[in-house]
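Q: Below are the sequence and a predicted model; questions follow.
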2 protein chains.
Amino acid sequence: MQILKSTPKQDGFYMPGEFEPHVGCWILWPERKDTWRLNAKPAQKVFAEVAITISKFEQVTVGVVNKEYLNARKMLPGNIRVVEISYNDAWVRDNGPLFIKNNRGEKRGVVWNFNAWGGIDSGLYYPWDQDSLVAEKILSIEKIDYYKPGIILEGGSIHVDGEGTLITTEECLLNKNRNPDLSKDEIEEILCEYLNIEKIIWLKRGVYNDETDGHVDNLCCFIKPGIILLTWTDDKNDPQYEISLNAFERLSRETDAKGRKFEIHKILQPKPLYLSKEEASGLTIGETSKLRLPGDRLSASYINFYISNKGIIMPKFNDHYDNLAKRKLKELLPDYKIYQIYTREILLGGGNIHCIVQQIPF
Amino acid sequence: MQILKSTPKQDGFYMPGEFEPHVGCWILWPERKDTWRLNAKPAQKVFAEVAITISKFEQVTVGVVNKEYLNARKMLPGNIRVVEISYNDAWVRDNGPLFIKNNRGEKRGVVWNFNAWGGIDSGLYYPWDQDSLVAEKILSIEKIDYYKPGIILEGGSIHVDGEGTLITTEECLLNKNRNPDLSKDEIEEILCEYLNIEKIIWLKRGVYNDETDGHVDNLCCFIKPGIILLTWTDDKNDPQYEISLNAFERLSRETDAKGRKFEIHKILQPKPLYLSKEEASGLTIGETSKLRLPGDRLSASYINFYISNKGIIMPKFNDHYDNLAKRKLKELLPDYKIYQIYTREILLGGGNIHCIVQQIPF
């Protein structure tokens, strides 16, 4: 498809909130053996469950590397579109395009550069050459033209309210392993131009020990314009306490692009979870793989859910707070069906439901 | 997408004539080294020229194996959709789906079994496992549900007029290397049911030395209901003479599904063409490859053209009769633009323009 030389702001395109209507979404099929233990078989079951659950609400497309095509096709029902595509890992929130639209409902894409969450020195693997082509391939399949801002950015590092506000973290977007030559002002300018944003809210850090360098989508999210959910702990000895408190304070001081104060809801995190010895031993580590060691703290957060058309697909951890998180969502979004899926196998890979889905707005 | 258990005839779907309007078409990118000489580079140029020419009239999608993705993307302009897909060879007329429609313009697909033009003993290569998935993958990308008749058939072995008539050859469809357990009646029944056909016209053989076992699409075609073009030679010493004469006589005796006599136009073939020593030496032959030897007669025919939306994209051979063939098409289809492309590099691989394109009706 065509690469557009103007910008979305010039052309009247913007990124809607995830809570706005979708025509569908994309998921990629997990298979790399240094991210997904036991040849990715346990993760594939959970990805399939996520895909099937979302497909109750919208069209789901699962992209899959060729050697896994028949396996994925067999594990997924016929109402899910399965499409061959190459990638290095299955985080389409981050290696996929962002979809933008205009007021006539026309859609375009934004294709960012990608360096596997930090490049050769601090990224999670090498090479990432196939990840780098995922966004353009998806847009080609969907017949959608696109813009290329020319900077490194993963979709999970930002959240928007669809009304001019973007939230991100300094830990990620100002990290020297992403765009070392760009100042904060220059990054702001690009975000404003390519996502049609009026106001950017910078939080300090993402969830503790999150290997993405603090993606905001594991920390907090919009469920409507002006309403934010934030992962939380009351345990002052947990390193997450400081992070969530700082985010809460910054958000409390801020207003959005429309001048509204935020309504902030704290969602208590599960009790700390760690990679077990058995789980770690199921990984096949290569020369450039991130090491995942027994005892590593997992960055578990209920916030890492996906908002589908009138459905919430959220993690559970078999934790005391699973029900509390679900009840809170139900209370805030009474029109939505809430599904909880036990996603420890996704968490072991370094993310959760939101990280593995990319929505296409209506 | 969904596999439908009923049949197109039951559901009111039929295959339109190629001369009816299209939403677009598919082409696959050539790359295997035992079909396409010199690492497929010369063939790629010609495929690109065909794709670019057709794209003047309709949306063209080029499917490409992953290792050739960047090369194909670079050689094709942005208005051509390039999509990753695996295959064993680039003949989408034969390994792709057939597209059918109903009177409300809804579309479905028909996915045939495929055995590389004759299976282990007399087919052109082994394996064909990736070819066998092409049709379903294309339909998934296009979001089109489909039927699976469960017999072996290549799209190039049939032509339809969109009004109940199908033409094929005994040499191909009754060949023991395709569906040895099915009688002629049983094959007729399946064609009638899955392409919604009322009458099947059996010609004896296809073009001389055609490695497809006589695909009809190299011998004759409909340009409108009731009007047929037939490749021809006046040279009684050419083995093609007998074949074309026999086809002419059968067609002359027949009527179509609507009871019309055929108007048959003879298109003089180019003078016999042969694989050169230099061309043969550019192939990299593997253990299961068809041998292509210097001096092999090439099955050159002007009939192997593609009818696009108000455009004809047809071969030329740098032959005395190139202009005659083009003028004849122009005379018969005055509303169409006629483009001739020098396609010897496709011919060397065993087919021509029609064999490398699969249309999607409007």
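A: Received it, and whenever you're ready, just let me know what you need.

Q: Specify the beta-bridge partners of A:V110.
A: Counting by DSSP bridges, A:V110 forms beta bridges with A:L98, A:Y147.

Q: any idea how far A:N304 is from it?
A: 22 Å (Cβ to Cβ, to the nearest Å). All C-beta atoms are positioned from the backbone trio N, CA, C, and that covers glycine.

Q: Ok, A:S122 next?
A: From A:S122 to A:N304 the distance is 22 Å (Cβ to Cβ).

Q: Kindly report the same for A:N352.
A: A:N352 sits 3 Å away from A:N304, going by Cβ to Cβ.

Q: higher neighbour count, A:S122 and A:N304?
A: A side-by-side neighbour count of A:S122 and A:N304, using other Cβ atoms under 10 Å in any protein chain shown, places A:N304 first with 28 against 16.

Q: tell me the contacts of the more buried one?
A: Applying Cβ atoms under 8 Å, 6 or more residues apart in numbering or on different chains to A:N304 gives the contacts A:D217, A:N218, A:P315, A:G351, A:N352, A:I353, A:H354, A:C355.

Q: who touches stretch A:275-287?
A: A:33-39, A:125, A:289, A:291-296, A:298, A:348.

Q: Spell out which parts of the stretch 101-250 of chain A neighbour chain B.
A: A:Q130, A:L133, A:K137, A:S140, A:I141, A:K143 (Cβ under 8 Å from any Cβ of the partner chain).

Q: Narrow those residues to those that are buried.
A: Buried members of these, counted by 16 or more other Cβ atoms under 10 Å in any protein chain shown: A:Q130, A:L133, A:K137, A:S140, A:I141.

Q: Inside helices: which ones of those?
A: A:L133, A:K137, A:S140, A:I141 (DSSP state H).

Q: Could I get the average pLDDT for stretch A:236-247?
A: The average pLDDT within stretch A:236-247 is 98.

Q: same question, stretch A:299-308
A: Here the average pLDDT along stretch A:299-308 is 98.

Q: CA atoms of it as CSV?
A: The C-alpha coordinates for stretch A:299-308 follow below in CSV (Å, rounded to 0.1, in the frame of the first residue of the first chain):
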residue,chain,number,x,y,z
SER,A,299,5.4,-7.8,36.1
ALA,A,300,1.8,-9.0,36.8
SER,A,301,-0.9,-6.3,36.5
TYR,A,302,-4.7,-6.5,35.9
ILE,A,303,-4.4,-3.4,33.8
ASN,A,304,-3.0,-5.3,30.9
PHE,A,305,-6.5,-6.1,29.5
TYR,A,306,-8.0,-5.7,26.1
ILE,A,307,-11.2,-3.6,25.5
SER,A,308,-13.2,-5.2,22.8
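
Q: Quick check: buried residues in that stretch?
A: A:S299, A:A300, A:S301, A:Y302, A:I303, A:N304, A:F305, A:Y306, A:I307, A:S308.

Q: And for stretch A:181-195?
A: A:L182, A:I187, A:E188, A:I190, A:L191, A:C192, A:E193, A:Y194, A:L195.

Q: Any chance of JSON lines for those residues, columns distance to B:R93, pLDDT and secondary structure?
A: Listed next are the buried residues of stretch A:181-195 as JSON lines, based on distance: Cβ to Cβ, whole Å; pLDDT from 0 to 100; DSSP: H, G, I helix; E, B strand; the rest coil:
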{"residue": "A:L182", "distance to B:R93": "50", "pLDDT": "98", "secondary structure": "coil"}
{"residue": "A:I187", "distance to B:R93": "50", "pLDDT": "98", "secondary structure": "helix"}
{"residue": "A:E188", "distance to B:R93": "52", "pLDDT": "98", "secondary structure": "helix"}
{"residue": "A:I190", "distance to B:R93": "46", "pLDDT": "98", "secondary structure": "helix"}
{"residue": "A:L191", "distance to B:R93": "47", "pLDDT": "98", "secondary structure": "helix"}
{"residue": "A:C192", "distance to B:R93": "49", "pLDDT": "98", "secondary structure": "helix"}
{"residue": "A:E193", "distance to B:R93": "45", "pLDDT": "98", "secondary structure": "helix"}
{"residue": "A:Y194", "distance to B:R93": "41", "pLDDT": "98", "secondary structure": "helix"}
{"residue": "A:L195", "distance to B:R93": "43", "pLDDT": "98", "secondary structure": "coil"}
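
Q: How about the stretch 201-350 of chain A: which residue is closest to chain B?
A: Taking Cβ to the nearest Cβ, chain B has its nearest neighbour within the stretch 201-350 of chain A at A:N309, 17.5 Å off.

Q: The nearest residue to that residue once chain neighbours are set aside and A:N79: what is the separation?
A: Excluding the flanking residues, the one nearest A:N309 by Cβ to Cβ, 6 or more residues apart in numbering or on different chains is A:F57, at 4.5 Å. Per Cβ to Cβ, A:F57 is found 12 Å from A:N79.

Q: Looking only at neighbour counts, state which of those two leads.
A: Neighbours were counted for A:F57 and for A:N79 using other Cβ under 10 Å; A:F57 has more, 21 against 12.

Q: Report the contact partners of the more buried one.
A: A:S308, A:N309, A:K310, A:G311, A:K337.

Q: Counting only strands, which of the residues you listed make the cut?
A: A:S308, A:G311, A:K337 (DSSP state E).

Q: By mean pLDDT, which helix or strand of chain A comes out lowest?
A: Ranking every helix and strand in chain A by mean pLDDT, DSSP states H and E puts helix A:119-122 at the bottom, with a mean of 94.

Q: What are the buried residues along that helix?
A: A:G119, A:S122.

Q: what residues does that helix touch?
A: Contacts of helix A:119-122 (Cβ under 8 Å, 6+ apart): A:Y126, A:N177, A:D213.

Q: among those, which ones are buried?
A: By 16+ other Cβ under 10 Å, those give A:N177, A:D213 as buried.

Q: Turn the contacts of helix A:119-122 into CSV, columns for secondary structure and pLDDT.
A: Compiled in CSV, the contacts of helix A:119-122 are given as follows (DSSP: H, G, I helix; E, B strand; the rest coil; pLDDT from 0 to 100):
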residue, secondary structure, pLDDT
A:Y126, coil, 95
A:N177, coil, 97
A:D213, coil, 97
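
Q: Looking at the contacts of helix A:119-122, which one is closest to B:A325?
A: Compare each of the contacts of helix A:119-122 with B:A325 using Cβ to Cβ and the shortest gap goes to A:Y126, at 54.6 Å.

Q: correct me, but the closest one touches A:G118?
A: No: A:Y126 lies out of contact with A:G118 (Cβ atoms under 8 Å); the separation is 10.6 Å.

Q: So what's the gap between the least confident helix or strand of chain A and the chain middle?
A: 20 Å (Cα atoms, centre = their mean, to the nearest Å).

Q: where along the stretch 251-362 of chain A do the helices fall?
A: For the stretch 251-362 of chain A, the helices defined by DSSP state H, counting those that start in this stretch cover A:277-281, A:322-332, A:344-348.

Q: Reformat those as JSON lines; add mean neighbour count and mean pLDDT.
A: Conversion of the helices of the stretch 251-362 of chain A to JSON lines gives the following (neighbours: other Cβ atoms under 10 Å in any protein chain shown; pLDDT from 0 to 100):
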{"stretch": "helix A:277-281", "mean neighbour count": "13", "mean pLDDT": "97"}
{"stretch": "helix A:322-332", "mean neighbour count": "16", "mean pLDDT": "98"}
{"stretch": "helix A:344-348", "mean neighbour count": "23", "mean pLDDT": "98"}
